[in-house]
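A.B. asks: My questions concern the predicted model and sequence given below.
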Amino acid sequence: MNVKNYKQKLLDELYKPYIKCMQCPLGGLGRTKVVFGAGNPDSKIMFIGEAPGAKEDELGLPFVGRSGQLLTRALNKLNVQRDDVFITNIVKCRPPNNRLPLPIESTTCKSILLFNQIKIIRPKIICTLGSHALNSLYDKVFQITKCRGKQHEFDGIVVIPTYHPAYVLRNPVSGKHFLEDIKCALELAEMIK
Ligand code: URA
């Protein structure tokens, strides 16, 4: 079995007990599907957003609504296909009315799913999308405008934070920085051995 298939098998085993997860309040708040993540399990880069929205909850896939389409377009502009990278969120279930995940929801989901996904995939680069994903990864409050595009470190992995694509949709002028940050993250991912 090649590395990609092996990592996919490990991910499938990780997900199995949580297909109908009730480990945090979001399990009982109207979510349809647990959105674990999608893409290449052997990718050098992993994108982490906040939480699934309505479209993601319906289809069981991350970043497939308007924000996701913007992310996909940005990747395509840089000659990368969505399937080549791995995309997930801090929490895997849709919060009601798209509210921010509560600390208990993020903490629980990170410890059972996200941190194990990172251990299996071991990307060269993590690109966090938006301040919730960044703050939640580190359990610390950052100012996204100050730290975007700069290198941080998590568990020996380089982290490049950027804006959330929903923010870019609302503030098109930030699109230039969003694209620059993703370009930088992709280039670094290729450089790191
Ligand atoms: N916003 C996110 O943070 N994640 C998704 O999967 C979709 C929208």
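C.D. replies: On my side now, so go ahead.

A.B. asks: Roughly how far does residue 101 sit from residue 51?
C.D. replies: 5 Å (CB to CB, to the nearest Å). C-beta coordinates here come from the backbone N, C-alpha and C atoms, glycine included.

A.B. asks: Counting neighbours, go ahead and name the busier of the two.
C.D. replies: residue 51 (27 against 24; other CB atoms under 10 Å).

A.B. asks: So that one: helix, strand or coil?
C.D. replies: coil (DSSP: H, G, I helix; E, B strand; the rest coil).

A.B. asks: Mind pulling the model confidence for it?
C.D. replies: Per-residue confidence (pLDDT) for residue 51: 98.

A.B. asks: Please, which helix or strand holds the residue nearest to it when sequence neighbours are not counted?
C.D. replies: With CB to CB, 6 or more residues apart in numbering as the criterion, residue 51 has its nearest non-adjacent residue at 4.5 Å, and that residue is residue 91. Using DSSP states H and E, residue 91 sits within no helix or strand.

A.B. asks: Next up, the contacts around residue 91.
C.D. replies: 24, 26, 50-52, 101, 105-106, 109 (CB atoms under 8 Å, 6 or more residues apart in numbering).

A.B. asks: Could you measure from it over to the ligand?
C.D. replies: 9 Å (CB to the nearest ligand atom, to the nearest Å).

A.B. asks: and the residue most central in space within the chain, what does it touch?
C.D. replies: Nearest to the mean C-alpha position of the chain, by CA atoms, centre = their mean, lies residue 48 at 1.7 Å. Residue 48 sits next to 88-90, 114, 126-129, 133, 137 when contact means CB under 8 Å, 6+ apart.

A.B. asks: From residue 109, how far out is the closest residue to the ligand within the chain?
C.D. replies: Residue nearest to the ligand within the chain (CB to the nearest ligand atom): residue 49, separated by 2.9 Å. Plainly put, residue 49 is 13 Å away from residue 109 if you go by CB to CB.

A.B. asks: mind listing what's buried in stretch 123-139?
C.D. replies: For stretch 123-139, burial by neighbour count (16 or more other CB atoms under 10 Å) applies to 123-137.
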